[in-house]
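**Student:** Sequence first, then the predicted structure:
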Amino acid sequence: MTKVRVSVSDQRIKDLLANALEGGSNYWCWITSYNYPEGQTRETMKLEFPRIDLPFAGGSLTIVDFEGDMPDKVLDRKALLKGLSIMAKDEPRHFADFMSQHDDAITADVFLQCACFGKVIYG
């Protein structure tokens, strides 16, 4: 197997995260906390969209599933990048949709599940 590296902008990943949190994944999860870097707050960081920008600004989000079956998941930039990598490897059709800018709520949901669980477990 040959590995291929691709470049993806942080903005594209933020767009996919926004899509997941604003509709694609809201049937199974919600954000329970915004975790700012030490010494920072929402006011001091002045992020326009904290739930989207925070993981890329040194903070994270804590996500829980509605049923409470899964442990809380902390999403930081590293977890999101790992989720994207897992999606590329294990969900190539969805990754191709993302790369060709044909992503939708389902693509975003698959991405968030890969970031949270390392695989798709819902849907």
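**Tutor:** Yep, that arrived.
**Student:** contact partners of stretch 20-27?
**Tutor:** 31, 51-52, 66, 104-109, 111-113, 122 (C-beta atoms under 8 Å, 6 or more residues apart in numbering). Quick note: C-beta positions are derived from backbone N, CA and C, even for glycine.
**Student:** Send me that stretch as CSV with only the CA atoms.
**Tutor:** Only the C-alpha atoms of stretch 20-27 are listed here, as CSV (Å, rounded to 0.1, in the frame of the first residue of the first chain):
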residue,chain,number,x,y,z
ALA,A,20,-21.2,18.4,12.2
LEU,A,21,-22.0,20.6,15.3
GLU,A,22,-24.7,22.5,13.5
GLY,A,23,-26.7,19.6,12.2
GLY,A,24,-24.8,16.5,11.1
SER,A,25,-24.1,15.1,14.5
ASN,A,26,-26.7,16.9,16.7
TYR,A,27,-28.8,13.7,16.9
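**Student:** Just the contacts of stretch 20-27: which are in strands?
**Tutor:** Taking DSSP state E, the ones among these that sit in strands are residue 31.
**Student:** Filter the contacts of stretch 20-27 down to just the buried residues.
**Tutor:** 52, 107-109, 111-113, 122 (16 or more other C-beta atoms under 10 Å).
**Student:** Strands of the protein, start to end?
**Tutor:** According to DSSP E, the strands that the chain contains are 29-35, 60-65, 73-75.
**Student:** Good, we can wrap up now.
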